[in-house]
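> need a 3D model of the following:
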Amino acid sequence: MATYRKERLEESIKRIVGDALLTVIKDPRIGFVTVVKASLSRDFTFADVWVSILGDEGEKRKSMAGLESACSYVQYLVGKEMKLRNTPRVRFHMDTSIEEGVHMVDMIEGLDKGEKVPRDPDGGREE
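Predicted structure coming up:
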């Protein structure tokens, strides 16, 4: 029962944050950002929101800085929309799974063509 409620709340947070990024938040630093996933902690005190950002490394850093500065306003919007006793604290994280998937497809296509594919020593992950 509790997991179903948690899943519904996570989907609601994902929708609220996505809508806010499209309509309400007008920070020029935030580029093309897509909300990939939202996850609540067990006690609903933290909402981790994973976003995918399109662009080079500089644009990604700027977008993350813009998201971090808008964090408290997004938390306010989540609390206003969802009627919870305690509003979860929103934290943004960058999701690199799409870029990793594109890299894997490129590697597979390179193997099909018989090309030598350069290996990425850290697996395409950013720390």
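> residue closest to the middle of the protein?
Relative to the mean C-alpha position of the chain, the nearest C-alpha, by C-alpha atoms, centre = their mean, is the one of residue 51, at 1.6 Å.
> burial count for the closest residue to it other than its chain neighbours?
Of all residues not flanking residue 51 in the chain, residue 33 sits nearest, at 5.1 Å (C-beta to C-beta, 6 or more residues apart in numbering). In this view, the C-beta of every residue, glycine as well, is placed from N, C-alpha and C. When neighbours are counted by other C-beta atoms under 10 Å, residue 33 registers 23.
> then the one 5 residues further on?
Residue 38 has 23 neighbours, counted by other C-beta under 10 Å.
> for residue 48, same thing?
Other residues lying near residue 48 total 17 when counted by other C-beta under 10 Å.
> again, but for residue 30
The tally of other residues near residue 30 (other C-beta under 10 Å) stands at 20.
> show me the domain layout of this structure.
As given by automatic domain parsing, the domain ranges for the chain are 2-95, 97-127.
> what comes up buried for the helix or strand containing residue 14?
Here residue 14, judged by DSSP states H and E, is contained in helix 2-19. Under the neighbour-count criterion of 16 or more other C-beta atoms under 10 Å, helix 2-19 has 9, 10, 13, 14, 16, 17, 18 buried.
> which residue packs closest to the first one, ignoring adjacent ones?
Spatial nearest neighbour of residue 9, excluding adjacent residues (C-beta to C-beta, 6+ apart): residue 40 at 5.8 Å.
> then the second one?
Distances taken as C-beta to C-beta, 6+ apart place residue 38 nearest to residue 10, at 4.7 Å, with adjacent residues excluded.
> what do you get for the fourth one?
Taking C-beta to C-beta, 6+ apart, and ignoring the residues beside it in sequence, residue 14 has residue 38 as its nearest neighbour in space, at 4.1 Å.
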